[in-house]
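Participant: Build me a model:
(chains A, B, C and D)
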4 protein chains.
Amino acid sequence: MKTMENSRQYRGIPDEEFFRGKVPMTKEEVRGITINKLRLKGGETLLDIGAGSGSISVEMAIAVGKQGDVHAVEMNSEGVQLIRKNREKFSVDHLQVHHGKAPEALEDLPVLDGVVIGGTKGAMKEIFEVLREKLRPEGRLVINVLTLENLSLAHELLKIHDYRDIEIIQVAINKGHSVGNLTMMKAENPIYILSATKKGESQ
Amino acid sequence: MKTMENSRQYRGIPDEEFFRGKVPMTKEEVRGITINKLRLKGGETLLDIGAGSGSISVEMAIAVGKQGDVHAVEMNSEGVQLIRKNREKFSVDHLQVHHGKAPEALEDLPVLDGVVIGGTKGAMKEIFEVLREKLRPEGRLVINVLTLENLSLAHELLKIHDYRDIEIIQVAINKGHSVGNLTMMKAENPIYILSATKKGESQ
Amino acid sequence: MKTMENSRQYRGIPDEEFFRGKVPMTKEEVRGITINKLRLKGGETLLDIGAGSGSISVEMAIAVGKQGDVHAVEMNSEGVQLIRKNREKFSVDHLQVHHGKAPEALEDLPVLDGVVIGGTKGAMKEIFEVLREKLRPEGRLVINVLTLENLSLAHELLKIHDYRDIEIIQVAINKGHSVGNLTMMKAENPIYILSATKKGESQ
Amino acid sequence: MKTMENSRQYRGIPDEEFFRGKVPMTKEEVRGITINKLRLKGGETLLDIGAGSGSISVEMAIAVGKQGDVHAVEMNSEGVQLIRKNREKFSVDHLQVHHGKAPEALEDLPVLDGVVIGGTKGAMKEIFEVLREKLRPEGRLVINVLTLENLSLAHELLKIHDYRDIEIIQVAINKGHSVGNLTMMKAENPIYILSATKKGESQ
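Facilitator: Okay, the predicted model is just below:
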């Protein structure tokens, strides 16, 4: 192997390499798809709402590189601690942790190139309102939902707020587990990933 | 957005941005998971066997960066042309295209840090034989299969050739399609992704 | 094998045994689950709205037996012809075909023990209104939907109309197809099946 | 509702109506598909190998009616007790319980019209040997497997023993669970269902 540029290039981090605690964590495969839907080219300013243990935030930070910025918003204290530990482990200083609840915690953020919504605590509508200002025209929005009601609501809000290229996918992963010398396929819970581009105002 | 470092950072390329022809193409989500399973850090020398239109090869080349190398092997002439066009479009000069069939086409390759097998034309056993030499200890092997027989064969070969941390996942993606003002979920065919690490000889 | 009682016992009819035309047909596995969710004991009076080629109606008629009744409502003429041909093929004279559109076509029907909604042509709300009278207390309602909007609407209506034991499942079937001497798994489109019991008025 | 003929007609029994203990139980939807794949017409003599709590055996007994016979083989004592309790609950006297292990426990059985294999304890090969005699020509065999190795083995054996119309499906069910007033889709583990017809010797 030739010399590595630096750790920022790291791609596809296995779940078990993150500090996790008891906070539920988005699984590796879903994390990878989520970040890809941001259509990153490097250098972006991003936001992760409901960051949990920070696994998505960390990989976003690696993806944008040190010319970029990532803001993680998490209301749970244990989560905030985990994000800090993961930030240190993966040396992503350009990841900033905000302890608080969206949309209030978003007020002081700069204009964003992309946003991931992983959890909303019932405030999805209010978050969309704030993103009218905070997400730049042509910016990308990716939303992960586990419930049918939030799937429906997120879809509705994307249309109301005039996003374009709305895509909805459902991801189902089965993973082989060894049982003696047999391999049993076990299902992970399905997740819906919505993604879209904010319409450009001056275009 | 701050200035982008360069196009190599591009992550999560939508299917429609590739030149495709009639060659079947691995879908975006599966492509992303496949590359993540290589556990790349930048600078690696990689191989894509049965590269098709080169969509995986291109994203591998972007992922390893210009300090790395990617070799794409494809026996179909139309495929080889498409890979060349995609290489040009995404400016990944460190992607080398080899027109031929594995394992023969692998003979002159350097030692590899990681290998993706996307198609084998019935020669999976012979490919594993060649990888005994060509894939370095601790190198990563990722295999995408669509059929039950190749799933079984690939799993068997990984065990026979003494790979460790063998993982098997099945990925199923449903995608929303607009039908009037309704959104119908349509299924993409499921794919099995096997991945493993080659045992280190001197460890 | 001992002597069969009569053809009504037939269970699990393969898709290819039905007359089909170009009308889309619910697949065997989904048909079986749908009918099971009616929780039949024999002798019921049932309704199939949007009956298509009548495959569900026929199996419902077999399931309730000759002491029961099944009404199939279909607005497409080709569908109506197919239902009649399938009725004849499977000797289920107690299956009555109504050419028309729900809810109008439901007006002259007797009180029902169970209803399957396979298609609504945008009139799901009106159909629920009619079922306030036509579906008996403790009767069963099963709804098959392919789109996210109808999933959401059906779920909403079940709650508004005070149904109990509401269950939502998503069924995904992959089927092996021979490609040479390999078996490729191909996906059928996922379907959502909602089922519930109408609250008893006098209980 | 008109008068019911008798309890044999009961179709689509919910999981929670069976006595279950700690024995793993095939879920309702899979049970329904499994029985449908037997292509029953009533009056058959059937066998359920690895019957567990007897939920499939009971529904098979209901499906064949009192002119038929069902034999349930189960090696676990708790399972045998549960099968007996479920037999009583659903009044299916023509279900016979055999405490033992296949293939030994199959020796005294009559010739069979159809067989479900739900568990083999590693003896699938031996079970196929016994079915050469015990399953009649044109009889149906349905096999449920959870592991990749048994999927592969069952497929292989069906081909070696010259079965025809071999079908393999994978069934994945997601079920909605209420979390507050949201509905979270949770996955049940996928199952593979193989089914085939034994070649007729004199046809």
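Participant: how about A:Gly122, secondary structure?
Facilitator: Three-state call for A:Gly122 (DSSP: H, G, I helix; E, B strand; the rest coil): coil.
Participant: Now do the phi/psi pair for it.
Facilitator: According to degrees, to the nearest 10, the main-chain angles of A:Gly122 amount to phi 80, psi 10.
Participant: Assess the claim that A:Leu40 and A:Gly114 are in contact.
Facilitator: Yes - between A:Leu40 and A:Gly114 there is a contact under C-beta atoms under 8 Å: 7.1 Å. Yep, even glycine has a C-beta here, placed from its N, CA and C like the rest.
Participant: what separates whichever residue of chain A sits closest to chain C from C:Glu149, distance-wise?
Facilitator: As assessed by C-beta to the nearest C-beta, chain C sits closest to A:Ser152 within chain A, at 4.4 Å. According to C-beta to C-beta, to the nearest Å, A:Ser152 stands 8 Å off from C:Glu149.
Participant: on that earlier part again, of A:Leu40 and A:Gly114, which one has the most company?
Facilitator: Neighbours were counted for A:Leu40 and for A:Gly114 using other C-beta atoms under 10 Å in any protein chain shown; A:Gly114 has more, 29 against 23.
Participant: May I ask you to confirm that that one belongs to a helix?
Facilitator: No - read with three-state DSSP, A:Gly114 is strand and lies in no helix.
Participant: quick one: buried residues of the helix or strand hosting A:Leu141?
Facilitator: For A:Leu141, the enclosing helix or strand under DSSP states H and E is strand A:135-145. Under the neighbour-count criterion of 16 or more other C-beta atoms under 10 Å in any protein chain shown, strand A:135-145 has A:135-136, A:139-145 buried.
Participant: which ones among these come in contact with chain B?
Facilitator: Among these, the ones lying near chain B by C-beta under 8 Å from any C-beta of the partner chain are A:Arg136.
Participant: Could you identify the most distant pair in the buried residues of strand A:135-145?
Facilitator: Greatest spacing in those, by C-beta to C-beta: A:Arg136 and A:Val145 (23.5 Å).
Participant: Show residues contacting the strand holding A:Leu141.
Facilitator: By C-beta atoms under 8 Å, 6 or more residues apart in numbering or on different chains, the residues outside strand A:135-145 that reach it are A:26, A:30, A:34, A:37-39, A:111-118, A:131, A:151, A:154, A:158, A:163, A:191-203, B:1.
Participant: now do 6 Å
Facilitator: Identification of contacts with strand A:135-145 by C-beta atoms under 6 Å, 6 or more residues apart in numbering or on different chains yields A:34, A:37-39, A:111-118, A:151, A:154, A:191-198, A:200-201.
Participant: Using CSV, list the CA coordinates for it.
Facilitator: The C-alpha trace of strand A:135-145 is given here as CSV (Å, rounded to 0.1, in the frame of the first residue of the first chain):
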residue,chain,number,x,y,z
LEU,A,135,-30.1,25.3,4.0
ARG,A,136,-28.8,27.0,0.9
PRO,A,137,-30.5,26.9,-2.4
GLU,A,138,-29.4,23.6,-4.2
GLY,A,139,-28.5,22.2,-0.8
ARG,A,140,-29.2,18.6,-0.1
LEU,A,141,-31.6,17.2,2.6
VAL,A,142,-31.5,13.5,3.7
ILE,A,143,-34.1,12.2,6.2
ASN,A,144,-34.0,8.8,7.9
VAL,A,145,-37.3,7.6,9.3
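Participant: Now the element after it, going C-ward?
Facilitator: Next element after strand A:135-145 (DSSP H and E): helix A:148-160.
Participant: Could you tell me the end-to-end distance of stretch A:12-19?
Facilitator: From its first residue to its last, stretch A:12-19 covers 16 Å (C-alpha to C-alpha, to the nearest Å).
Participant: quick check, that stretch touching chain B?
Facilitator: Yes - under the criterion of C-beta under 6 Å from any C-beta of the partner chain, chain B is reached by stretch A:12-19 at A:Gly12.
Participant: So which bits of that stretch are buried?
Facilitator: Residues A:12-13, A:18-19 are the ones in stretch A:12-19 that count as buried (16+ other C-beta under 10 Å).
Participant: Same question for stretch A:89-97.
Facilitator: Buried residues in stretch A:89-97, defined by neighbour count with 16+ other C-beta under 10 Å: A:90-92, A:94-97.
Participant: Please list the residues of chain A that sit near chain C.
Facilitator: Residues of chain A lying near chain C (C-beta under 6 Å from any C-beta): A:Ser152.
Participant: what bridges to whichever residue of chain A sits closest to chain D?
Facilitator: Closest approach between chain A and chain D, counting by C-beta to the nearest C-beta: A:Ala187, at 3.6 Å. Bridge pairing for A:Ala187 (DSSP bridges) gives the partners A:Asn174.
Participant: do A:Arg11 as well
Facilitator: Counting by DSSP bridges, A:Arg11 forms beta bridges with B:Leu40.
Participant: Next up, the contacts around the spatially most central residue of chain A.
Facilitator: In chain A, the centroid-proximal residue (C-alpha atoms, centre = their mean) is A:Val116; its distance is 4.0 Å. By C-beta under 6 Å, 6+ apart, the contact set of A:Val116 is A:48, A:56, A:142.
Participant: about what we covered before: now the buried residues of strand A:135-145 as TSV including pLDDT?
Facilitator: Compiled in TSV, the buried residues of strand A:135-145 are given as follows (pLDDT from 0 to 100):
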residue	pLDDT
A:Leu135	98
A:Arg136	97
A:Gly139	98
A:Arg140	98
A:Leu141	98
A:Val142	98
A:Ile143	98
A:Asn144	98
A:Val145	97
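Participant: which bits of chain A sit near chain D?
Facilitator: Counting by C-beta under 6 Å from any C-beta, the residues of chain A lying close to chain D are A:146-149, A:174, A:182-187, A:189-190.
Participant: Buried only: go through the residues you listed for me.
Facilitator: Buried, going by 16+ other C-beta under 10 Å: A:146-149, A:174, A:182-185, A:187, A:190, out of the residues of chain A next to chain D.
Participant: Pick the one among those residues closest to chain B.
Facilitator: Using C-beta to the nearest C-beta, the shortest approach to chain B within these belongs to A:Asn174, at 4.3 Å.
Participant: so what's that closest one up against?
Facilitator: Contacts of A:Asn174 (C-beta under 6 Å, 6+ apart): A:185, A:187, B:170, D:190.
Participant: how far away is the nearest residue to the third one once chain neighbours are set aside from B:Glu78?
Facilitator: When you say that, I think you mean B:Gln170. Closest residue to B:Gln170 apart from its sequence neighbours, by C-beta to C-beta, 6 or more residues apart in numbering or on different chains: A:Asn174 at 4.3 Å. Remark: distance between A:Asn174 and B:Glu78 (C-beta to C-beta) = 33 Å.
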